[in-house]
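Novice: Predicted model, plus sequence, below.
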Amino acid sequence: MSERPADPHFQERLTAWFAPDVYRFGIPLFVVSGLAWGLEASIVSAVFGGLGVFVAAFFRNPERTLPEGERLVIAPADGRVIEVGEIETADGEKALRIGIFLSVFNVHVNRVPVSGRVVSLERSGDAYLAAFNREAETRNVRCAMTLAMADGRQVGVVQITGLIARRILCHPEIGEWLDRGVRYGLIRFGSRTDVVLPLGTTALVERGTRVRGGSTVIAELEGEEAA
């Protein structure tokens, strides 16, 4: 069994059945629904009640079974794969990028695709284009986190807002070690999450593949499993 990496370790915060945002966005809708019901405005009550159920479903946070194998890259989010291909990174290096589009019906809690230490966190962008738009890759508000694995290889995971999404939550701090599969952040209301992997990584999904964060294996890293 591999040695436990040195502290600091990231402490997972999103551990309840629902993300905390459900209280801010969902409870008021149920309150209005209840008040409307009390005033015998049944249609209004049903509308706000339905919206409340939708919001609660959006912020659901189900448990997932993590596949074994540190070389297996797991999906960082639920959704549909919209891109699998080679890209050139900002520093001129070639890499494999797998992009996942999240509709408003998907779980929006993000999970760590590989174990690693946070070496950079970069926020950028100022647009809110539809997440499946190619321009969204470079223009939308985003948070890019780079992880250095135990063997030194670096993997990036990028949270990108969408047409409706307006805020990205990313809890880790630079220097913290994140175990594979932990829930580390959230994007509100439709978005995209990319994973940027070293060349030599084998993609195990293709465009159109439906994936589940924390349980679907999307790629296999080159090399042998650590003893």
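Specialist: Yep, it's here.
Novice: The lengthiest helix in the chain: which residues count as buried?
Specialist: Identified as the longest helix of the chain according to DSSP state H is helix 42-58. By neighbour count on 16 or more other Cβ atoms under 10 Å, the buried set for helix 42-58 is 45, 48, 49, 51, 52, 55, 56, 58. To be clear about C-beta, it is placed using only N, CA and C from the backbone, and glycine gets the same treatment.
Novice: Now do the strands in the protein.
Specialist: Under the criterion DSSP state E, the chain contains strands at 72-74, 79-88, 94-102, 109-111, 116-124, 142-148, 154-161, 168-170, 177-178, 183-187, 191-198, 202-203, 210-211, 217-220.
Novice: Please name the strands paired to the second one in the sheet, noting orientation.
Specialist: The reference is to strand 79-88. Here strand 79-88 has these sheet partners by DSSP bridges: strand 94-102 (antiparallel), strand 210-211 (antiparallel).
Novice: Okay, angle between it and strand 191-198 too, please.
Specialist: Counting by axes from the mean of the first three to the mean of the last three Cα atoms, to 10 degrees, strand 79-88 lies at 40 degrees to strand 191-198.
Novice: which residues does residue 64 contact?
Specialist: By Cβ atoms under 8 Å, 6 or more residues apart in numbering, residue 64 lies in contact with 111, 181, 212, 213, 214, 215.
Novice: cool, residue 65 as well?
Specialist: By Cβ under 8 Å, 6+ apart, the contact list for residue 65 reads residue 215.
Novice: if you set the cut-off to 10 Å instead, what comes out?
Specialist: Residues near residue 65 by Cβ atoms under 10 Å, 6 or more residues apart in numbering: 181, 212, 214, 215.
Novice: Could you list the low-pLDDT ranges of the chain?
Specialist: 1-3, 131-132, 164-166, 189-190, 224-227 (pLDDT under 70).
Novice: tell me, what residue is most central in it?
Specialist: By Cα atoms, centre = their mean, the mean C-alpha position of the chain lies nearest to residue 110, the distance being 2.7 Å.
Novice: does the residue lying closest to residue 194 once chain neighbours are set aside have beta-bridge partners, and which?
Specialist: The shortest distance from residue 194 to any residue other than its chain neighbours is 4.3 Å, reached at residue 158 (Cβ to Cβ, 6 or more residues apart in numbering). Assessed by DSSP bridges, residue 158 has beta-bridge partners residue 144, residue 194.
Novice: what's near enough to touch residue 158?
Specialist: Contacts for residue 158 (Cβ under 10 Å, 6+ apart) come out as 76, 97, 99, 122, 124, 137, 142-146, 168, 192-196.
Novice: Now restrict those to buried residues only.
Specialist: Among the contacts of residue 158, those buried by neighbour count (16+ other Cβ under 10 Å) are 76, 97, 99, 137, 142-146, 168, 192-196.
Novice: Comparing the strands paired with strand 79-88, which comes out most buried?
Specialist: Scoring those by mean neighbour count under mean count of other Cβ atoms under 10 Å gives strand 94-102 as the most buried, with a mean of 22.
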